[in-house]
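> turn this into a structure:
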Amino acid sequence: MADVVIDNPILNSPFGEPARHFRFGEAGITSEVVEERRASAYFVPIPAAKKKSQMHFDTSGRATASRRASSSTACASGWASGAGAAGRE
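Numbering: from 1, shown residues only. Predicted coordinates for the structure are as follows:
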């Protein structure tokens, strides 16, 4: 995996909904910026076969989508924008 150096890793304001993220490619994180919110996912670490005491964190194509977190994010975004908020006037 090639090492990627990102000079300024902060893309979003801490006061608003995240709108940009760095893309993950086959070899790990890239310096390419994507203009949308990142879907919720997690990486499953795969232990190295040679050493039992050390975990190898391989990000090459092993991301697993988190459907529950993604649906919660979509629901919260709708609520925050005023769509579907019961009892609001």
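> and the strands in this protein?
With DSSP state E as the criterion, the chain has strands at 21-25, 28-34, 41-43, 46-47, 55-56, 63-65.
> what packs against the first one?
If I follow you right, that is strand 21-25. strand 28-34 (3 or more Cβ pairs under 8 Å, 6 or more residues apart in numbering; DSSP states H and E). Every C-beta, even on glycine, is put in place using the N, C-alpha and C of the backbone.
> the strand it packs on pairs with which strands?
strand 21-25 (antiparallel) (DSSP bridges).
> buried stuff in the strand it pairs with?
His21, Phe22, Phe24 (16 or more other Cβ atoms under 10 Å).
> same deal with stretch 18-34?
Across stretch 18-34, burial judged by 16+ other Cβ under 10 Å covers His21, Phe22, Phe24, Gly28, Ile29.
> where is pLDDT lowest across those?
The lowest pLDDT within those belongs to Gly28, with 80.
> wait, that one sits on Phe22?
No. Contact criterion Cβ atoms under 8 Å: Gly28 and Phe22 do not qualify, at 10.2 Å.
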